[in-house]
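Enquirer: For reference, the sequence and a predicted model appear below.
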Amino acid sequence: MTDTANKTVKRSWLRSHGYKPKGFWGLMWILPGIVMLLLFSYYPPIRAILYSFTDWNGESAIWNGFSNYVALFKDTLFWKAFLNSVVLTLTGMVLGNVMTILLAELLHNSRFKKTSSIFRFFFILPCLVPGIVTMLLWANIIFAASDAGLMNTVLMKLHLIKEPLTWYYGTDTVLYSLILTGFPWVGGTSFLIYLAGLQNIPESVVEAARLDGISTFKRLIHIDFPYLLGQLKYFLILGVIGGIQNYNLQFMITKGGPNYSSMVPGYYIYYQAFNYGKFGYACSVGVFLFVLLLAFTIFTNKRMRTTEDIQ
Amino acid sequence: MTNGIVLSGVMPVIRPKKKRMTAGQIAVLVSLVILLVLTLVPIYLMLIKSVKTIDQGIHQPYSITFPFNWANYKLAWLNVSPYILNTVVISALTTAFAVILCSTMAFGFTRFKFPGREVVFMVVLALTMIPGVLTLLPQYELINQLGLMNNPMGVVLPLAAGQIPLGVMLLRTFYSGLPGDLFEAAELDGASQFYRFFKIALPLSLPIMATLGLTAWMAAWNDLILSTLVLSWDELQTFTVALGGFTTDYYNKTHSWGVPLAGYVICSLPLIIIFSFTSRQFVSGLTSGAFKM
């Protein structure tokens, strides 16, 4: 008795405050997710922005205005890290996308349809191996700095080098090694997205080109490439956002060294916070990257829309 | 097909293309094989070196050697299995949380009207713009304040929350595609909203849930930095955290890669097995980000 009475009271209260019962239940359905997001996804970045104006050391924080940002702009080590990251991101993006488009073209033009699913399986395989395993294989076996490392053995057999190369452990070689890690950069699922793009080219366009006797190279430039622009933009945006933040190899192998020559901003945050307790300063690095990536995303989205309008 | 017949009637020149194709086709096939061999070098090394004795490892480091020394796997299993079990627990919990939170949220966003629904949805989607490097330190502090240090939930909850924005978008798109009549008819029949969720929405969305679940599983399976920060007790560590140390320790003691690499193979197998059973969901999960563009 009292139960139903309570329910009607509750419902009428909600109704009088503008909630239809349906609306109330809608909010109830999204509530668990919203609570999780507020706690773990909204609170931390807001906190990080606030902390970037303090001297937070992990325990206490005192407001110190813009001094973190002033220090950041004068910090030559940070700018070195930033430059490294730009170099790694750009080279990685160019090499990765060129090789992946090449693979997609090869698969698309292969007439052996029976083998294509086998090829797909084996090209996807590398991304199923945990990233940590792949990194350890490159660091300990392929690019091992001793004369027993795979690349050193091969290069010495070919008499291209006399002394084993230092790879990840030399100031001159570490950036090249990071770029070359993962060669030939096609393993994973990106090639499937390019392949889908190629398969979406209308049959009539392909047929017309063939009747015109267009060369393979011209077809690539004038037909395939324009049809892949959407996918390319997607990978460029993702590549910049992911690349500027990425510090897995630094975290696992180089520790930003030797002599900071492989330092990147992502690892610089970790390094400043957990080595020196400069949590507040590290947060200002994070905010800087956030603003930069946000500007980049807005800019490219605007550009994308205008180019689409022109077309 | 019909196109081809009509055209070949007009232009018989097209016929001999078959012969020219074979030379080109061989070039395509050879290039594919070369790319594949280069791509699989790390996996090849992992497999062949995982069955080498110390002696074989020193004298023939890069070729296949017989007999295979399976004892490496036994030893590796003893060392690696507790960490794999920890990773499995964390991945399973992350997947469960992500799937439950995303599906209830997407159901609320699709089947109910409430003030500010679209705004809330956009605000949730906007989270994809927040880079992980910005959130890392306060998230670490938060986990500490919640008393979740050295607790698997300290890794599970942030990882599951990270899956929500894209997961909700994926599921909302799917639920919107379901015929509304289905839900309205059930409602008229007096079915409760829970019935509509569990008996209509969930069963129909199983494939997309599998996609979402696999994405969450992969994120947890490969997580390195959060696990390193939160789980410092050895008995809680995931294999991503423990594998590096185990490799170095073992190599320094024995100068052999056999056992660590056998451990790598063991850590790689679960995902490869899941993949061979659910390759369709897997591929759509791994490429699902692309559909939003």
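Expert: Nice, thanks for sending it over.
Enquirer: Going by C-alpha atoms from here, please, whenever you check contacts or count neighbours.
Expert: OK.
Enquirer: which residues touch the residue of the stretch 101-250 of chain A found nearest chain B?
Expert: Residue nearest to chain B within the stretch 101-250 of chain A (CA to the nearest CA): residue A:129, separated by 4.9 Å. By CA atoms under 8 Å, 6 or more residues apart in numbering or on different chains, the contact set of residue A:129 is B:267, B:268, B:269, B:271, B:272.
Enquirer: of the residues you listed, closest to residue B:99?
Expert: Taking CA to CA as the measure, residue B:99 sits nearest to residue B:271 out of those, at 18.6 Å.
Enquirer: and chain A, which of the contacts of residue A:129 reach it?
Expert: Taking CA under 8 Å from any CA of the partner chain, the overlap between these and the neighbourhood of chain A is B:267, B:268, B:269, B:271, B:272.
Enquirer: ok, the residue of the stretch 101-250 of chain A closest to chain B to residue B:229 distance?
Expert: Shown here: residue A:129 relative to residue B:229, a distance of 23 Å by CA to CA, to the nearest Å.
Enquirer: Check residue A:80 too.
Expert: Distance from residue A:80 to residue B:229, counting by CA to CA: 26 Å.
Enquirer: ok, now residue B:279?
Expert: Note on residue B:279: its distance to residue B:229, by CA to CA, is 33 Å.
Enquirer: what does residue A:108 give?
Expert: Here the criterion is CA to CA. By it, residue A:108 lies 44 Å from residue B:229.
Enquirer: Same check on residue B:270?
Expert: Going from residue B:270 to residue B:229 by CA to CA gives 25 Å.
Enquirer: Give me the more crowded residue out of these two.
Expert: The neighbour comparison of residue B:270 against residue B:229 (other CA atoms under 10 Å in any protein chain shown) goes to residue B:229, with 17 against 14.
Enquirer: For the helix or strand encompassing that one, name the packing helices and strands.
Expert: Assigning secondary structure by DSSP states H and E places residue B:229 in helix B:225-230. Helices and strands touching helix B:225-230, as assessed by 3 or more CA pairs under 8 Å, 6 or more residues apart in numbering or on different chains; DSSP states H and E, comprise helix B:132-145, helix B:153-177.
Enquirer: Adding mean pLDDT, write those helices out as a markdown table.
Expert: Written out in a markdown table, the entries for the helices and strands packed on helix B:225-230 read as follows (pLDDT from 0 to 100):
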| stretch | mean pLDDT |
| --- | --- |
| helix B:132-145 | 93 |
| helix B:153-177 | 92 |
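Enquirer: Chain A is nearest to which of those?
Expert: helix B:132-145 (4.4 Å).
Enquirer: Would you indicate which residues of stretch B:114-131 are buried?
Expert: By neighbour count, and taking 16 or more other CA atoms under 10 Å in any protein chain shown as the criterion, the buried residues in stretch B:114-131 are B:114, B:117, B:121, B:124, B:125, B:127, B:130, B:131.
Enquirer: when you check chain A, which of these turn up near it?
Expert: Of the residues in these, proximity to chain A by CA under 8 Å from any CA holds for B:114, B:127, B:130, B:131.
Enquirer: Okay, and which of these map to helices?
Expert: Using DSSP state H, no member of these sits in helices.
Enquirer: that older thread, tabulate the helices and strands packed on helix B:225-230 (CSV), appending mean neighbour count and distance to chain A.
Expert: Conversion of those to CSV gives the following (neighbours: other CA atoms under 10 Å in any protein chain shown; distance: least, CA to the nearest CA, whole Å):
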stretch, mean neighbour count, distance to chain A
helix B:132-145, 20, 4
helix B:153-177, 22, 6
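Enquirer: so which of the ones you listed gets nearest residue B:196?
Expert: Distance to residue B:196, taken as CA to CA, is lowest for helix B:153-177 among the helices and strands packed on helix B:225-230, at 12.0 Å.
Enquirer: Report the spatially nearest residue to residue 263, omitting neighbours in sequence.
Expert: Going with chain A. Nearest residue to residue A:263, sequence neighbours excluded (CA to CA, 6 or more residues apart in numbering or on different chains): residue A:256, at 3.9 Å.
Enquirer: if you could check chain B rather than the one you did, that'd help
Expert: The spatial neighbour of residue B:263 that comes closest, neighbours along the chain excluded (CA to CA, 6+ apart), is residue B:76 at 4.9 Å.
Enquirer: relative to helix B:153-177, how tilted is the helix or strand encompassing that neighbour?
Expert: Using DSSP H and E, residue B:76 maps to helix B:71-111. Orientation of helix B:71-111 against helix B:153-177 (axes from the mean of the first three to the mean of the last three CA atoms, to 10 degrees) gives an angle of 50 degrees.
Enquirer: Helix or strand next in line after helix B:71-111, which one?
Expert: Using DSSP H and E, the next helix or strand after helix B:71-111 towards the C-terminus is helix B:117-125.
Enquirer: Which single residue in the stretch 201-311 of chain A comes nearest to chain B?
Expert: Across the stretch 201-311 of chain A, the shortest distance to chain B (CA to the nearest CA) belongs to residue A:286, at 4.4 Å.
Enquirer: Report the distance from the helix or strand hosting that residue to the chain centre.
Expert: Residue A:286 belongs to helix A:279-310 when elements are defined using DSSP H and E. Here helix A:279-310 is found 14 Å from its chain centre; the criterion is CA atoms, centre = their mean, to the nearest Å.
Enquirer: outside of the helix or strand residue B:273 falls within, which residues touch it?
Expert: Assessed by DSSP H and E, residue B:273 sits inside helix B:258-277. Counting by CA under 8 Å, 6+ apart, the neighbours of helix B:258-277 from elsewhere in the structure are A:125, A:128-130, A:133, B:46-47, B:49-54, B:57, B:72-73, B:75-77, B:79-80, B:84, B:239, B:243, B:246-247, B:250, B:282.
Enquirer: Quick one: buried ones out of those?
Expert: Once neighbours are counted (16+ other CA under 10 Å), the buried part of the contacts of helix B:258-277 comes down to A:125, A:128-130, A:133, B:46-47, B:49-54, B:57, B:72-73, B:76-77, B:79-80, B:84, B:239, B:243, B:246-247, B:282.
Enquirer: State the next helix or strand along the chain beyond the worst-scoring helix or strand of chain B on mean pLDDT.
Expert: Comparing every helix and strand of chain B by mean pLDDT, DSSP states H and E singles out helix B:2-10 as the least confident one, with a mean of 42. Next helix or strand after helix B:2-10 toward the C-terminus (DSSP H and E): helix B:17-39.
Enquirer: just checking, what packs against that following helix?
Expert: Under the contact criterion of 3+ CA pairs under 8 Å, 6+ apart, the helices and strands touching helix B:17-39 comprise helix A:76-109, helix A:113-124.
Enquirer: Let me know whether the helix or strand that the last one is followed by sits next to chain B.
Expert: So the one you mean is helix A:113-124. Using DSSP H and E, the next helix or strand after helix A:113-124 towards the C-terminus is helix A:131-137. Yes - when contact is scored as CA under 8 Å from any CA, part of helix A:131-137 falls within range of chain B: A:131, A:132, A:133, A:134, A:136, A:137.
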